[in-house]
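> Model the structure of this input:
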Amino acid sequence: MIKRRDWLLHCSLWAAAPLVVRAAPGPQRIVVLGDSLSAEYGLARGSGWVALLELRLAQQKIAAQVVNASISGDTTSGGRSRLPALLKQHQPSVVVIELGGNDALRGLPLSMSQDNLRAMVRAAKAASAKVLLVGMQMPPNYGAAYGREFAGLFEQVAREEKTALVPFLLKGVADRADAEAWFQSDRIHPLAKAHPQMLDNVWPALRPLL
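Numbering: from 1, shown residues only. Below you'll find the model as predicted:
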């Protein structure tokens, strides 16, 4: 039998104990680290694939915020230097890396691009974020060998780092028979009508990470 003195002591300790209330988990954060293909270059605001991603998340009632940290003209070196601050500021649950095209257009060493992609993937994973690597391909005039080597960068990094991959962001756009009708006058940046297809290329790889 519990003595009255012990019972009062037990009650006083219980009353003094702090009440622990677990906060409801907030929405996930998706950081998109990309170049002009993700930064709505030449498009009306809200018509790019990243903006369309926000709409799809809302339509499917997935609690996730999208931070578009894309900059036109950015390279893998630029993304690598910007990523630590973005990870610290936003603490994302998913990082989408869409960089590399400008490296090739500028003739930068592919080994450097690969090192930068690998470093970004590892930094994001070290910050407890899942990673989606978005690949790119070069036009045929760059040569078949170079094209294979460039596309292989993304596949190799994704395989080595065991991360999700979109092999080609512009699949169903750049490889169409009427591809010219889907690009702006510079023949590099897709028109707004191409961006739903770009999102459809990204979505199957991104959805399982959410």
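> Quick check: next helix or strand after the one helix or strand in the chain whose mean pLDDT sits lowest?
Among the helical and strand segments of the chain, the one scoring lowest on mean pLDDT, DSSP states H and E is helix 4-16, with a mean of 43. The element immediately downstream of helix 4-16 (helix or strand, assigned by DSSP states H and E) is strand 28-34.
> quick one: the helix or strand following that next one to chain centroid distance?
Moving toward the C-terminus from strand 28-34, the next helix or strand (DSSP H and E) is helix 49-59. In this view, helix 49-59 has its centroid 13 Å away from the chain centroid, taken as Cα atoms, centre = their mean, to the nearest Å.
> backbone phi and psi for residue 127, please?
The phi and psi torsions at residue 127 (degrees, to the nearest 10) take the values phi -90, psi 20.
> Could I get the full set of helices for this protein?
For the chain, the helices defined by DSSP state H cover 4-16, 49-59, 76-90, 101-105, 110-126, 144-161, 195-206.
> Check the residue nearest to the spatial centre of the chain and give its pLDDT.
The chain has residue 96 as the residue nearest its centroid, 1.0 Å off, counting by Cα atoms, centre = their mean. pLDDT recorded at residue 96 is 98.
> Now do the contacts for residue 81.
Shown in contact with residue 81 (Cβ atoms under 8 Å, 6 or more residues apart in numbering): no residues. Where C-beta positions appear, they are placed from N, C-alpha and C, glycine not excepted.
> Quick one: residues contacting residue 116.
Residue 116 makes contact with 75-77, 79-80, 99, according to Cβ under 8 Å, 6+ apart.
> By neighbour count, which of these wins?
Ranked by neighbour count under the definition other Cβ atoms under 10 Å, the contacts of residue 116 are headed by residue 99 with 28 neighbours.
> which non-adjacent residue is nearest residue 98?
residue 34 (3.4 Å; Cβ to Cβ, 6 or more residues apart in numbering).
> related to what we said a few turns ago, indicate which one of the helices of the chain is closest to residue 132.
Distance to residue 132, taken as Cβ to Cβ, is lowest for helix 195-206 among the helices of the chain, at 5.5 Å.
> and the closest one with strand 28-34, angle?
Orientation of helix 195-206 against strand 28-34 (axes from the mean of the first three to the mean of the last three Cα atoms, to 10 degrees) gives an angle of 120 degrees.
> that older thread, find the one among the helices of the chain with the highest mean neighbour count.
helix 101-105 (a mean of 22; mean count of other Cβ atoms under 10 Å).
> which residues touch that helix?
Contact partners of helix 101-105, identified using Cβ under 8 Å, 6+ apart, comprise 35-37, 73-77, 110, 112-113, 136, 138, 142, 150.
> what's the lowest-pLDDT member of those residues?
The member of the contacts of helix 101-105 with the lowest pLDDT is residue 142, and it reads 81.
> Okay, the closest residue to it other than its chain neighbours and residue 153: tell me how far apart.
Excluding the flanking residues, the one nearest residue 142 by Cβ to Cβ, 6+ apart is residue 104, at 7.2 Å. With distances defined as Cβ to Cβ, to the nearest Å, the gap from residue 104 to residue 153 amounts to 9 Å.
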